[in-house]
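A.B. asks: next comes the sequence, and after it the predicted model I'd like to discuss.
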Amino acid sequence: MVIQGARSLATRYSPIVGCTRSWNNRHFPVIIDNMMNLEILFWAARHGGDPAWYDMAVSHALKTRQNHVRADGSTYQVVDYDPNTGAVLAKETVQGYSTESTWSRGQALAVYGFTMTYRETGDTRFLDTARQVADYFVDHLPADRVPYWDFEAPNIPNEKKDSSAAAIAASGLLELSTLVPEGASRTRYREAAFQILESLCSPAYLAEGTTSSGILLHGVGNKPSNSEVDVSLIYGDYYFIEALMRHEAITTGVEQAFAGYRLEPSFPNPFGSEMHISFQVPQACHVDVSIIDIRGAQVRTLAHADYPPGRHEVIWNGLRRDGTPAPSGAYFCVFRAGSFYQTHKLSLVR
């Protein structure tokens with residue numbers, strides 16, 4: 001079912017624009033919400049689907065990073081492209097207060113989406129963007145840490161809160177806290193998420209004892225259209241539960257980030273001069289990472305050492321063991337950790 005979903009989503013992708021299309025109106029609209037869909041493409045590309053879906057997801061995230069994210073870390077909801085040239089035609093915030101305002105759920109989706117994309121790719125550009133949009137979100141939260149439906153809504157504090165934005169951001173911030181180095185940033189993101197969840201678990205936001213059929217009260221779907229305003233929202237409930245599960249994993253000392261052995265998708269792929277290869281191990285172990293050609297001959301050893309638990313990265317500069325350039329072609333990265341074995345195909349283009 002996920003493979004079929006990814007196949008369907010891939011039909012929405014334009015190589016000219018470099019993104020998957022959102023709505024069927026306008027020219028080629030791309031909404032910040034689409035960042036959440038990329039996980040389907042990443043997963044399917046690793047589990048028997050078309051490897052090109054991985055490249056589509058990376059391209060979409062890079063283009064969103066370029067055009068949706070403002071210099072201060074805030075975001076537009078919609079960027080409309082010319083489908084024939086890929087040029088940006090307009091930038092808007094349809095479900096927010098105004099074109100240049102910051103819709104809080106869109107900002108939360110950016111926090112979650114760029115964090116997930118870094119987890120899937122190991123590309124630090126996405127980590128940088130995840131931190132940038134997360135910092136904006138945290139810096140603009142009110143006292144109870146649940147955002148208003150738009151950070152620039154004109155009548156704050158007499159504006160509606162959006163519990164769904166809070167839940168999505170809390171889950172994203174908790175994952176982000178497991179991916180940044182230990183220190184001030186990890187503490188900042190984790191504490192912000194804990195504070196958000198503390199508010200969401202209070203009588204002010206829990207639907208317990210009310211007539212609502214949801215879990216959280218005070219969600220806002222589309223304020224400008226007066227649609228789903230101050231209601232329970234199913235996606236808010238979903239990410240609230242996910243955030244609580246991530247909270248439990250962190251506070252009980254069972255980090256989810258390194259739950260198993262894994263060779264991450266490498267980037268860029270194809271590459272010309274340098275490829276970043278990431279892997280994760282759940283416990284201290286001996287790791288071997290090597291490059292072989294399509295005949296199975298050893299080209300280069302990148303890792304042959306004991307590693308602590310966590311995520312690690314090695315770089316192949318396209319050279320053989322003797323220091324001479326490897327020719328263009330297909331290669332395989334071989335990852336061994338204990339009894340675990342995994343390979344990925346790589347493409348070198350000179």
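C.D. replies: Perfect, thanks for sending it.
A.B. asks: the residue nearest the centre of the chain and residue 215, how far apart?
C.D. replies: The centre of the chain sits closest to residue 116, judged by Cα atoms, centre = their mean, with a distance of 2.5 Å. When distance is defined by Cβ to Cβ, to the nearest Å, residue 116 is 23 Å away from residue 215. Quick note: C-beta positions are derived from backbone N, CA and C, even for glycine.
A.B. asks: then residue 323?
C.D. replies: 60 Å.
A.B. asks: neighbour count winner among the two?
C.D. replies: Applying other Cβ atoms under 10 Å to residue 323 and residue 215 shows that residue 215 carries more neighbours, namely 20 against 8.
A.B. asks: what residue, apart from its backbone neighbours, is nearest the more buried one spatially?
C.D. replies: residue 237 (4.3 Å; Cβ to Cβ, 6 or more residues apart in numbering).
A.B. asks: residue contacts, the one you found?
C.D. replies: 167, 214, 215, 216 (Cβ atoms under 8 Å, 6 or more residues apart in numbering).
A.B. asks: and the second one, how many neighbours?
C.D. replies: Taking other Cβ under 10 Å as the neighbour definition, residue 214 ends up with a count of 17.
A.B. asks: so which of the contacts of residue 237 are in strands?
C.D. replies: Counting by DSSP state E, no part of these is found in strands.
A.B. asks: ok, which pair from these is furthest apart?
C.D. replies: 167 and 214 (11.2 Å; Cβ to Cβ).
A.B. asks: mutual contacts of the two, please.
C.D. replies: Shared contacts of residue 167 and residue 214, counting by Cβ under 8 Å, 6+ apart, come down to 236, 237.
A.B. asks: quick one: the helices in the stretch 1-150 of the chain?
C.D. replies: According to DSSP state H, counting those that start in this stretch, the stretch 1-150 of the chain carries its helices in the segments 2-10, 38-46, 52-67, 104-121, 124-139.
A.B. asks: give me the buried positions along the first one.
C.D. replies: Across helix 2-10, burial judged by 16 or more other Cβ atoms under 10 Å covers 3, 6, 9, 10.
A.B. asks: right, and the third one touches residue 37 too?
C.D. replies: This means residue 9. Yes - using Cβ atoms under 8 Å, residue 9 is in contact with residue 37, at 6.0 Å.
A.B. asks: where does the chain dip in pLDDT?
C.D. replies: For the chain, residues meeting the criterion pLDDT under 70 lie at 252-260.
A.B. asks: for the closest residue to residue 213 other than its chain neighbours, what are its contacts?
C.D. replies: Distances taken as Cβ to Cβ, 6+ apart place residue 232 nearest to residue 213, at 6.8 Å, with adjacent residues excluded. Shown in contact with residue 232 (Cβ under 8 Å, 6+ apart): 207, 212, 213, 214, 215, 216, 217, 219.
A.B. asks: hmm, which two among these are most spread apart?
C.D. replies: Maximum distance among the contacts of residue 232 (Cβ to Cβ): 12.7 Å, for 213 and 219.
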